[in-house]
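Student: Starting from these lines, generate the structure:
(2 chains)
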Amino acid sequence: MAMLQFAARWFDPATVSRVFDPLIADWQREWLDATPSRRAGAGARGLIAFLCAVIVSSPSIFHTHAPGAVTNRVVVRMTRFIAVASLIILSPPLMQLANDDRYLVLVVTMLPSAITTAFPFSMISAADAVRRSQPLAPHIERALVSKLAILAMLFMMTFGGFVVPAANQAFRVVQTRGGAPLLRSVRELTTWQLLTDPTMTAPQEPYTGGADRAVRIQRELNNRAAFALIPVVLLWLRWRTVATDARRWWSPLPAVVASIIVIAVFASTSYWGYLLEQQWQLAAGTGHWFPVAVFAVSAVTTRIRQRRRHAPQAL
Amino acid sequence: MSDLPSLSATERLIIELLAEHEELFGLRMVQLSDGRLKRGTVYVTLGRMQEKGYVESRQEPLPPGAIGLPRRLYRPTALAMRILAAWQAAQAHYIAGVNPQEA
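Tutor: The predicted model follows:
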């Protein structure tokens, strides 16, 4: 029955009734009719068939659409959060550059970086927009969250890997008023350039502890990969936390408070990750995965707690 | 032309099996197909055929005291039988055209 519950959470009722119900019924009967020595084989064959059916039916998840009002609410809340957070991130340089004649161009070149930094944390507002309003059918909710997670990851890979490096370099060019060609640090090179032509990177960079080119590139690639996963993990964590059946008067915290806490946790775990990487002499960039690991463990713990709460109580 | 009902090789095989045996379970079709039908995809195909109106199904009545989910029995619809007949006629016509001596 766990298999049927899994299918019902991910697929629409028609697919469950037409595909998974008969598959599991045949599988059960085969297992019951088998001799004890053949039951393991019957179980394994049924499980493989079930997994194949899940894979073959999975495109239907992406054809499942949430009501327009819900998707609009998700987009509005994310946009609102990103706008406010980007403004906060950009405030110090905006004040610093207030009297510069290149003000507008410099702001435009800084914008992608601010948006990319703010974007992962907008997942908290997005999860709330999905789960804190009118309840959706489980398969619609999961389809929406899956699509959002994939889009968020693609956004981070595109912006973090290509748009931000290009904007960073443009910022430097504008700042030096188009002077001599500037050597690029790892942050001014796209992911493709870092992977295919490492010699484009400056031989030395300040504030890197004298790290050589290979180490800096490895660290930056790890940073981009880990940061691309952060929105997915945060979406999963918040989605678990705001489960309708796990609400208490104090939990879940409002999205604004939760976002501030998550940003603080991210900053501190990033710092701790860097320290651990140095202390234990781990491979360059390993520390960037520490926040991802902390958020993932937190989401798994939340899930386990919810399961225990709903487990049948022993008499 | 787009109004003509489509029939894939797998769908044709299922209809042929159902035409021969009248009513079958999904797993039984896999067993009878000599490996041409796969257990992981047959139910997806059957679901699609049900949507197209090629097969209809009913749940097997469970005897009292039986455990587990009731199995689903499939049988071909009149539409499926007409399409199969048309397909077989077209196939025979094509073979006759390609190799008239064998026809």
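Student: Residue 76: how many residues sit nearby?
Tutor: Just so you know, I chose chain A. 12 (other C-beta atoms under 10 Å in any protein chain shown). C-beta: built from backbone N, CA, C; applies to glycine.
Student: Switch to chain B, please.
Tutor: Quick note: residue B:76 (other C-beta under 10 Å) scores 24 neighbours.
Student: measure it to chain A for me?
Tutor: Counting by C-beta to the nearest C-beta, to the nearest Å, the gap from residue B:76 to chain A is 16 Å.
Student: residues contacting the closest residue in space to that residue that isn't next to it in sequence?
Tutor: Leaving aside its sequence neighbours, residue B:76 sits nearest to residue B:18 (C-beta to C-beta, 6 or more residues apart in numbering or on different chains; 4.3 Å). Residue B:18 is in contact with B:24, B:29, B:55, B:74-76, B:80, counting by C-beta atoms under 8 Å, 6 or more residues apart in numbering or on different chains.
Student: How about the residues of the stretch 51-200 of chain A by chain B?
Tutor: Residues of the stretch 51-200 of chain A lying close to chain B by C-beta under 8 Å from any C-beta of the partner chain are A:51-53, A:55-57.
Student: Which positions in chain B make contact with chain A?
Tutor: Residues of chain B lying near chain A (C-beta under 8 Å from any C-beta): B:25-27, B:38-41, B:43-44, B:46-47, B:50-51, B:57, B:67-72.
Student: among these, which are in helices?
Tutor: Residues of the residues of chain B next to chain A located in helices (DSSP state H): B:26-27, B:39-41, B:43-44, B:46-47, B:50-51.
Student: are any of the residues of chain B next to chain A buried, and which?
Tutor: Neighbour-count burial (16 or more other C-beta atoms under 10 Å in any protein chain shown) applied to the residues of chain B next to chain A gives B:25-27, B:38-41, B:43-44, B:46-47, B:50, B:57, B:69-72.
Student: Next, the residue in chain A that chain B sits nearest to: phi, psi?
Tutor: Closest residue of chain A to chain B, C-beta to the nearest C-beta: residue A:52 (2.3 Å). Main-chain torsions, residue A:52, degrees, to the nearest 10: phi -60, psi -40.
Student: contacting residues for it?
Tutor: Applying C-beta under 8 Å, 6+ apart to residue A:52 gives the contacts B:38-41.
Student: Can you tell me, leaving aside adjacent residues, what's nearest to whatever residue of chain B ends up closest to chain A?
Tutor: Residue of chain B nearest chain A, by C-beta to the nearest C-beta: residue B:40 (2.3 Å). Spatial nearest neighbour of residue B:40, chain neighbours left out: residue A:52 (2.3 Å); criterion: C-beta to C-beta, 6+ apart.
Student: In which helix or strand does the residue minimising distance to the centre of chain A reside?
Tutor: Centroid check for chain A by C-alpha atoms, centre = their mean gives residue A:232 as the closest residue, at 1.9 Å. Element membership for residue A:232 (DSSP states H and E) is helix A:213-241.
Student: what helices or strands is the helix or strand following that helix leaning on?
Tutor: Next helix or strand after helix A:213-241 toward the C-terminus (DSSP H and E): helix A:255-279. Other helices and strands packing on helix A:255-279, by 3 or more C-beta pairs under 8 Å, 6 or more residues apart in numbering or on different chains; DSSP states H and E, are helix A:123-131, helix A:213-241, helix A:290-310.
Student: Which parts of the first one count as buried, going by neighbours?
Tutor: Of the residues in helix A:123-131, those buried under the neighbour-count criterion (16+ other C-beta under 10 Å) are A:123-131.
Student: just the longest one next, same as before
Tutor: Residues of helix A:213-241 classed as buried by neighbour count (16+ other C-beta under 10 Å): A:213, A:215-241.
Student: And the residue nearest to residue B:40, what's its pLDDT?
Tutor: With respect to pLDDT, residue A:52 has a value of 95.
Student: how much space is there between it and residue B:43?
Tutor: As judged by C-beta to C-beta, to the nearest Å, residue A:52 and residue B:43 stand 10 Å apart.
Student: and if you look at residue B:89?
Tutor: 30 Å.
Student: Next, find the distance separating the residue of chain B closest to chain A from residue B:30.
Tutor: 10 Å.
Student: again with residue A:187
Tutor: Distance from residue A:187 to residue B:30, counting by C-beta to C-beta: 56 Å.
Student: Residue A:133 too?
Tutor: From residue A:133 across to residue B:30, the span is 44 Å (C-beta to C-beta).
Student: Comparing those two, which residue is more hemmed in?
Tutor: More crowded of residue A:133 and residue B:30, by other C-beta under 10 Å: residue B:30, with 22 against 11.
Student: Go ahead and confirm the more buried one touches residue B:41.
Tutor: No - using C-beta atoms under 8 Å as the test, residue B:30 is too far from residue B:41 to be in contact (9.6 Å).
Student: Near residue 75, how many residues? Count them for me, please.
Tutor: Let's take chain A. There are 12 residues near residue A:75, going by other C-beta under 10 Å.
Student: um, chain B though
Tutor: Neighbours of residue B:75 using other C-beta under 10 Å come to 15.
Student: what about the residue nearest to it when sequence neighbours are not counted, neighbour count?
Tutor: Leaving aside its sequence neighbours, residue B:75 sits nearest to residue B:23 (C-beta to C-beta, 6+ apart; 4.7 Å). Neighbour count for residue B:23, taken as other C-beta under 10 Å: 13.
Student: List the contacts of residue B:23.
Tutor: B:73-75.
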